[in-house]
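1. Sharing a sequence plus its predicted fold:
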Amino acid sequence: MNLVRLLGIILIFVGIVGVTSQVHSATSDYAKLAYIDQTILVGVGLSFTKMETYSTVGNYFLLSQTNPRLDIRYVSKVEEKFRHTVHGYFVREQYAPENPSFFIRNREPVNRFGLTYQPQWFSEGNGVSYGFNLQLKRANVYSEVPTNASLVGNIAQRTSYEAGVAMKWYGQTVSKLPLSLDLDFSYVNHLAVDSTIDYMAGISYRLALDFDFGRRSYFSNFNIRAFYEYEKIDSSLHAVNTKELGVSLSRAISF
């Protein structure tokens, strides 16, 4: 079923690329890339995470609030309508049940991190880029869920990978500062899972908005990135949904 979804996403992506190639002349009038040269963005931020699944005693929600986050992105120089991005992130989370009737065994902070590689090709007017999303990550998952005999759940960690497609739209604010919108869809599977529950493949998607101050303001070469991420993976019990909402502030260094 997940492969069918992935194929559908790829077909939609190909269709969008076909459409955008026809309208590049319109987007080229206002599109502007934030960084043309090689750039490293070092950022700090906060995010909020919610992980949920269904148990025999009802929905089980775990929340982690005010997660400190570190992001490092490398953006290559644009050459012949091509560039690539490498993104590493580190997040520290501490989960607690949303429903006070449920409990969790591990109340200690846990670390989550990943490394993403995205090759990008630009449209003729530089208004749109499209490419692939490849990621290797260490993430969290349920290792135990509440039952009629015990209202206690627990989390464990997994090593997973993602492969999918990505698009990015480029524009400007009224004051001519660069603005861009990211969207990617990916297939998710696992290399190792530290849990007695069996986990299968799933899907994820991300939406991110980048606002760059450029070089003409007091906040020269700073970037604000707001993002939302959704992931759904199947298991031998019930599907697990993970949602993350956050923002980060980065300093850009071009060379």
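-> Noted; the coordinates are in hand. Everything quoted here is computed from the prediction, not taken from an experiment.
2. Quick one: residues contacting the nearest residue to Val110 once chain neighbours are set aside.
-> Nearest residue to Val110, sequence neighbours excluded (C-beta to C-beta, 6 or more residues apart in numbering): Glu93, at 5.6 Å. For glycine as for every other residue, the C-beta is placed from the backbone atoms N, C-alpha and C. Residues in contact with Glu93 (C-beta atoms under 8 Å, 6 or more residues apart in numbering) are 49, 64, 67, 109-112, 140.
3. Could you do Ala139 as well?
-> Here Ala139 is in contact with 112, 114, 157-158, 160, 242 (C-beta under 8 Å, 6+ apart).
4. By neighbours, which of the residues you listed wins?
-> In terms of neighbours by other C-beta atoms under 10 Å, those top out with Ser160 at 24 neighbours.
5. helix or strand for the residue lying closest to that one once chain neighbours are set aside, which one?
-> Excluding its sequence neighbours, the residue lying closest to Ser160 (C-beta to C-beta, 6+ apart) is His190, at 4.7 Å. Assigned by DSSP states H and E, His190 belongs to strand 178-193.
6. neighbouring strands for that strand, and are they parallel or not?
-> The sheet places strand 178-193 alongside strand 152-172 (antiparallel), strand 199-212 (antiparallel), with pairing taken from DSSP bridges.
7. can you redo those as CSV with distance to Ser180 and mean pLDDT?
-> Below are the strands paired with strand 178-193 laid out as CSV (distance: least, C-beta to C-beta, whole Å; pLDDT from 0 to 100):
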stretch, distance to Ser180, mean pLDDT
strand 152-172, 5, 94
strand 199-212, 5, 94
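8. can you give me how far stretch 242-255 is from the chain middle?
-> 11 Å (C-alpha atoms, centre = their mean, to the nearest Å).
9. Okay, now the unreliable bits of this structure?
-> Counting by pLDDT under 70, the chain shows low-confidence ranges at 1-32, 214-218.
10. what residue of it is the furthest out?
-> The centre of the chain is farthest from one residue, Ala149, which by C-alpha atoms, centre = their mean lies 36.4 Å away.
11. Is it located within a strand, as I assumed?
-> No - Ala149: not assigned to a strand; according to DSSP: H, G, I helix; E, B strand; the rest coil it is coil.
12. Backbone dihedrals for it, please?
-> The phi/psi pair for Ala149 (degrees, to the nearest 10) reads phi -90, psi -20.
13. got the strands paired with strand 178-193 as JSON lines, with distance to Gly58 columns?
-> Converted to JSON lines, the strands paired with strand 178-193 look like this (distance: least, C-beta to C-beta, whole Å):
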{"stretch": "strand 152-172", "distance to Gly58": "12"}
{"stretch": "strand 199-212", "distance to Gly58": "21"}
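14. phi, psi of Asn111?
-> Backbone torsions of Asn111, given as degrees, to the nearest 10, read phi -100, psi 140.
15. Quick check: buried residues in the strand holding His190?
-> Residues of strand 178-193 classed as buried by neighbour count (16 or more other C-beta atoms under 10 Å): 178-180, 182-188, 190, 193.
16. Just send those back as JSON lines, with distance to Thr39 too.
-> Shown next, in JSON lines, are the buried residues of strand 178-193 (distance: C-beta to C-beta, whole Å):
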{"residue": "Pro178", "distance to Thr39": "12"}
{"residue": "Leu179", "distance to Thr39": "16"}
{"residue": "Ser180", "distance to Thr39": "13"}
{"residue": "Asp182", "distance to Thr39": "16"}
{"residue": "Leu183", "distance to Thr39": "21"}
{"residue": "Asp184", "distance to Thr39": "20"}
{"residue": "Phe185", "distance to Thr39": "25"}
{"residue": "Ser186", "distance to Thr39": "24"}
{"residue": "Tyr187", "distance to Thr39": "29"}
{"residue": "Val188", "distance to Thr39": "28"}
{"residue": "His190", "distance to Thr39": "33"}
{"residue": "Val193", "distance to Thr39": "36"}
